[in-house]
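Peer 1: 3D, please:
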Amino acid sequence: MANKRLKAMTLIELLIVMTIISIITSVAYPSFKRQSIKAKRMVALTDLSRMQLYLENSYNQDANQDYSVAKQSVISAANCLVCQSNTQHYRFSVVITADGYTLMALPLNQQQDDPCLNTPTDTLSLNQAGVAQPSTCWY
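Peer 2: Residues are numbered from 1 along each chain as shown. Below you'll find the predicted structure:
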């Protein structure tokens, strides 16, 4: 009977493949995480703009021209009524002042690691004059 040699991967070949996969993963994952954070931020920025449009529309339709009344069309009991962002990524709020308003999105969880924010407690904001803060996040 002839001696047949089994054809299989050796331990060295397996280790080389695992090393290559781990190197690719260690390079790709941070880039993926950065892009994921940026994509979620862009959805939040779109939501802030959408909130502003709804707020201004409601303000213009209200005979009393009152932002606090218009606010009810955008946010109710700390829930954004017009947003598409996941509530685990951002918490939206509207602050009404005597001369206008400020729309804010507070980052939560992984979004606090966003490199465009100076500190994890920074918020994305947009006011009635169209001033957006921090400006590095709005591009």
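Peer 1: And the longest helix seen in the chain, how far out from the chain middle?
Peer 2: In the chain, ranked by residue count with DSSP state H as the criterion, the top helix is helix 11-61. With Cα atoms, centre = their mean, to the nearest Å as the basis, helix 11-61 stands 8 Å off its chain's centre.
Peer 1: Next one: residue 20 from residue 14, what distance?
Peer 2: When distance is defined by Cβ to Cβ, to the nearest Å, residue 20 is 11 Å away from residue 14. All C-beta spots, glycine's among them, are computed from the backbone N, C-alpha and C.
Peer 1: scratch that, residue 134
Peer 2: Residue 134 sits 48 Å away from residue 14, taking Cβ to Cβ as the criterion.
Peer 1: ok, now residue 125?
Peer 2: For residue 125, the distance to residue 14 - Cβ to Cβ - is 53 Å.
Peer 1: One more: residue 62?
Peer 2: Counting by Cβ to Cβ - residue 62 and residue 14 are separated by 69 Å.
Peer 1: repeat for residue 44
Peer 2: Distance from residue 44 to residue 14, by Cβ to Cβ: 44 Å.
Peer 1: Likewise for residue 21?
Peer 2: In this view, residue 21 and residue 14 are 11 Å apart by Cβ to Cβ.
Peer 1: what do you get for residue 52?
Peer 2: Noted for residue 52: a distance of 56 Å to residue 14, by Cβ to Cβ.
Peer 1: Show me which of those two is the more surrounded one.
Peer 2: Set side by side, residue 52 and residue 14 show more neighbours around residue 52, with 19 against 11, by other Cβ atoms under 10 Å.
Peer 1: Surely the more buried one touches residue 103?
Peer 2: Yes: when contacts are counted by Cβ atoms under 8 Å, residue 52 is listed as touching residue 103 (6.0 Å).
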